[in-house]
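Novice: Make a model of this:
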Amino acid sequence: MSDIVDTPIAKPVAADMRPPSLLQLIREDIGCVRSRDPAARSEIETLLTYPGIHALIWHRLAHRLWIHGWRFPARLLSWLGRFLSNVDIHPGAEIGRRFFIDHGACVVIGETAEVGDDVTLYHGVTLGGTSWSPGKRHPTLENGVVVGAGAKILGPITIGPRTRVGANSVVIQSTPPDVTVVGIPAKVVRPEFTHRRTVGRIDLDHHLMPDPVGEALSVMLDRIEFLEAQLAHVRQKVRQGPPPPAPINGCEVDPILTQGAKR
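Specialist: Numbering: from 1, shown residues only. The predicted model follows:
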């Protein structure tokens, strides 16, 4: 007869679902810069000299006030951050973790905008609204999105994960994940299977963006060349004159009689 020993069963440890602290968010924002900007040499230099980091710190503080109902102090703090950094982020905007604004100049993020984790914006980007009515009116950027300099993303649309938006593009429609969009209005010009994959870093080869206008002009030039060749062939046929009439029942037809019959 065997003795039965009661062995306590270990309970699974629940995942830590608590939101990150303000200090942890700021540390992550500072730490992600070196992986996305080759010019960043240290975290101290990043903290002291990067206006994008300054704007984000002011926004983290203002957003905490906003969600706790302190709306006027939040707006006042947001105005101060805009005055000091030249970056305008509404305190109601929801910004994810490891967010980076490179160069930090003339960036505008509206009240109902939502930005996921590991998103990168370059200078001159606007996340704007297209409606006077209250409610969701600004875009949503999902995780890993990169937005080039001067791009405008307008309206309550969704930019799919890891999408790249070309510089000076105007995006007014939602995009699928893992694509590149360029133009006014922006169109998908590179599907996901042609993306260059990087490990732990974003793809900074912006000069490898496709040129849809150049491609369209190339197609038009090829078509014009084909039509010119056809026109030259028709002109050559006209210069040679009409072919002689075909024989009828094996007998040659006199061209003069044929012309008389036509008259």
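Novice: number of nearby residues for Val146?
Specialist: Neighbour count of Val146, defined by other CB atoms under 10 Å: 25. In this view, the C-beta of every residue, glycine as well, is placed from N, C-alpha and C.
Novice: Val87 too?
Specialist: As a burial measure, Val87 scores 25 neighbours (other CB under 10 Å).
Novice: Quick check: chain neighbours aside, which residue is closest to it?
Specialist: Ala55 (3.5 Å; CB to CB, 6 or more residues apart in numbering).
Novice: So which bits of the helix or strand containing that neighbour are buried?
Specialist: Per DSSP states H and E, Ala55 falls inside helix 51-67. Neighbour counts over helix 51-67 (16 or more other CB atoms under 10 Å) mark 51-63, 65-66 as buried.
Novice: give me the low-pLDDT residue ranges for the chain?
Specialist: Within the chain, the ranges that satisfy pLDDT under 70 run 1-17, 190-212, 244-263.
Novice: Now for it: which helix has the highest residue count?
Specialist: Taking DSSP state H as the criterion, the chain has its longest helix at helix 212-240.
Novice: what's the offset of it from the middle of its chain?
Specialist: In terms of CA atoms, centre = their mean, to the nearest Å, the centre of helix 212-240 is found 36 Å from the chain centre.
Novice: show me the contacts for the residue positioned nearest the centre of the chain.
Specialist: When CA atoms, centre = their mean is applied to the chain, the residue found nearest the centroid is Val165 (2.2 Å). Residues in contact with Val165 (CB atoms under 8 Å, 6 or more residues apart in numbering) are Val145, Val146, Val147, Gly148, Ala151, Ile153, Ile159, Val171, Thr180, Val181, Val182, Ala186.
Novice: Just give me the closest of these to Pro139.
Specialist: Checking the contacts of Val165 against Pro139 by CB to CB gives Ile153 as the nearest, at 4.5 Å.
Novice: Check the contact between the residue nearest to Val87 and His90; I expect there is one.
Specialist: No. Distance between Ala55 and His90: 11.9 Å, which falls outside the contact criterion (CB atoms under 8 Å).
Novice: can I assume Leu56 is in contact with Ile95?
Specialist: Yes. Leu56 sits in contact with Ile95 when judged by CB under 8 Å, with a separation of 7.2 Å.
Novice: what's the overlap in contacts for these two?
Specialist: Ile89.
Novice: coming back round to it: which ones among the contacts of Val165 map onto strands?
Specialist: Judged by DSSP state E, the subset of the contacts of Val165 located in strands is Val146, Val147, Ile153, Ile159, Val171, Thr180, Val181, Val182.
Novice: Now those residues in a markdown table, please, with extra columns for distance to Ile44.
Specialist: Formatted as a markdown table, those follow (distance: CB to CB, whole Å):
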| residue | distance to Ile44 |
| --- | --- |
| Val146 | 26 |
| Val147 | 27 |
| Ile153 | 33 |
| Ile159 | 33 |
| Val171 | 36 |
| Thr180 | 35 |
| Val181 | 37 |
| Val182 | 37 |
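Novice: Narrow these to those that are buried.
Specialist: With burial judged by 16+ other CB under 10 Å, the buried subset of these is Val146, Val147, Ile153, Ile159, Val171, Thr180, Val181, Val182.
Novice: is the second one in a bridge, and if so with what?
Specialist: Val147 has these beta-bridge partners by DSSP bridges: Leu121, Val165.
Novice: which two in the ones in strands among the contacts of Val165 are spaced the farthest apart?
Specialist: Using CB to CB for every pair in these, the one that comes out farthest apart is Ile153 and Thr180, at 14.3 Å.
Novice: what about Leu154, how many neighbours?
Specialist: Every residue meeting other CB under 10 Å relative to Leu154 is counted, giving 19.
Novice: quick one: it from Gly160, how far?
Specialist: 16 Å (CB to CB, to the nearest Å).
Novice: Repeat that for Ala74.
Specialist: Going from Ala74 to Gly160 by CB to CB gives 30 Å.
Novice: Among the two, which residue is more densely surrounded?
Specialist: Ranked by neighbour count (other CB under 10 Å), Ala74 and Gly160 place Ala74 first, with 22 against 19.
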